[in-house]
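Novice: just the structure for this:
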Amino acid sequence: MSNEMIFVGAIVGSFGVNGEVRLKSFTSAPEAISDYGPVFNENGTRSFIVSLTGQLKNALSAKLSGVLTKEDADALRGLQLFVPRSKFPKLPDDEYYYADLTNLGVFDAGGVQIGKVKSVQNHGASDILEISQLGKITTILLPFTRQNVPTVDTKASRIVINPPDGLFEDLS
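Specialist: All right, here's what the predicted structure looks like:
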C-alpha cells in the first residue's frame, strides 16, 4: 500500500462552546474515524487526534487535539480530513475502497471507453458510481452491482460495465 492520503471525513461546524466539532465521517463504520490515529488536512501539514464525544443527527460530535475554543472549531468548518492509506486494512479481492475506484476508466463490453469514474456515492441503499462521459458535460449514475459492473481491474485502471438499456445514449 502506498502512502496516499484517503479522505475519511469533514468538519461541518462547531458544537457547543468548548471547542467540539460536528464531524461527518465517511468511514464504513462512522465511529471508526477515531481508530486510524491522527487525521490530517489535505496537504498533511496539520494533524489532529480525534476523540468522539457523541452522536448527532447526520454527524458525530468530537474533540480534536489543539482545538480548545468555539472559535477554533468555527475556523475549521469545511476542513476535509485524511489518513494515510497504509492505515487501512487490505481488502479481499472483490472489495474496494472508494478511492480505488475514483478515476478508473469506464469501458463497455466491446472495449470502448465511455468515460471515467468521477465519484462513488452511497445514500443508504447501495454504492453508486458517478461516471463522467467522454466528451459530455453530464454524468451518469450507475448502481455498483455485479450485474452492472462485471469487471473491476484496479491494476489496469479500468472497469467494464453492462448498464441497463437506455442508460447511455451511445455506447458504441
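Novice: low-scoring stretches of this protein, by residue?
Specialist: 1-3, 124, 169-172 (pLDDT under 70).
Novice: for it, which segments count as helices?
Specialist: 70-75, 98-101 (DSSP state H).
Novice: how far does the first one sit from the chain's center?
Specialist: Mean-position distance between helix 70-75 and its chain equals 25 Å (C-alpha atoms, centre = their mean, to the nearest Å).
Novice: use 61 as the first number for this chain going forward.
Specialist: Yes, from this point I'll number from 61; that puts the last item at helix 130-135.
Novice: about what we covered before: and among the helices of the chain, the most buried is which?
Specialist: Scoring the helices of the chain by mean neighbour count under mean count of other C-beta atoms under 10 Å gives helix 158-161 as the most buried, with a mean of 17. C-beta here means a position set from N, CA and C on the backbone, and glycine is covered the same way.
Novice: coming back round to it: the helices of the chain: which one's closest to Val143?
Specialist: Among the helices of the chain, the nearest to Val143 by C-beta to C-beta is helix 158-161 (11.0 Å).
Novice: share the number of residues neighbouring the closest residue to Asn118 other than its chain neighbours, please.
Specialist: Leaving aside its chain neighbours, Asn118 sits nearest to Lys84 (7.2 Å; criterion: C-beta to C-beta, 6 or more residues apart in numbering). Residues lying near Lys84 (other C-beta atoms under 10 Å) number 19.
Novice: ok, what's across the strand from Lys84?
Specialist: Taking DSSP bridges as the rule, Lys84 bridges to Ala70.
Novice: I figured it hits Gly69, correct?
Specialist: Yes - counting by C-beta atoms under 8 Å, Lys84 does reach Gly69; the two are 5.9 Å apart.
Novice: what does stretch 200-218 rub up against?
Specialist: Stretch 200-218 has contacts (C-beta atoms under 8 Å, 6 or more residues apart in numbering) with 156, 160-161, 163-167, 175, 180-181, 186-191, 193, 219-224, 227-228.
Novice: only C-alpha atoms, please: export it in PDB.
Specialist: As requested, the backbone C-alpha atoms of stretch 200-218 are provided in PDB (Å, rounded to 0.1, in the frame of the first residue of the first chain):
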ATOM      1  CA  ILE A 200     -24.400   9.100 -15.300                       C
ATOM      2  CA  LEU A 201     -25.300   7.400 -12.000                       C
ATOM      3  CA  LEU A 202     -24.900   3.600 -12.200                       C
ATOM      4  CA  PRO A 203     -25.700   1.300  -9.300                       C
ATOM      5  CA  PHE A 204     -22.400  -0.600  -8.400                       C
ATOM      6  CA  THR A 205     -23.700  -4.200  -8.700                       C
ATOM      7  CA  ARG A 206     -22.000  -7.300 -10.200                       C
ATOM      8  CA  GLN A 207     -24.600  -7.200 -13.000                       C
ATOM      9  CA  ASN A 208     -23.900  -3.600 -13.900                       C
ATOM     10  CA  VAL A 209     -20.100  -3.800 -13.300                       C
ATOM     11  CA  PRO A 210     -18.900  -7.300 -14.000                       C
ATOM     12  CA  THR A 211     -15.200  -6.400 -14.100                       C
ATOM     13  CA  VAL A 212     -13.100  -4.200 -11.900                       C
ATOM     14  CA  ASP A 213      -9.400  -4.100 -12.700                       C
ATOM     15  CA  THR A 214      -7.700  -1.600 -10.400                       C
ATOM     16  CA  LYS A 215      -4.200  -2.600 -11.600                       C
ATOM     17  CA  ALA A 216      -5.200  -1.700 -15.200                       C
ATOM     18  CA  SER A 217      -7.200   1.300 -14.000                       C
ATOM     19  CA  ARG A 218     -10.400   0.200 -15.700                       C
END
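Novice: this completes my enquiry, with thanks.
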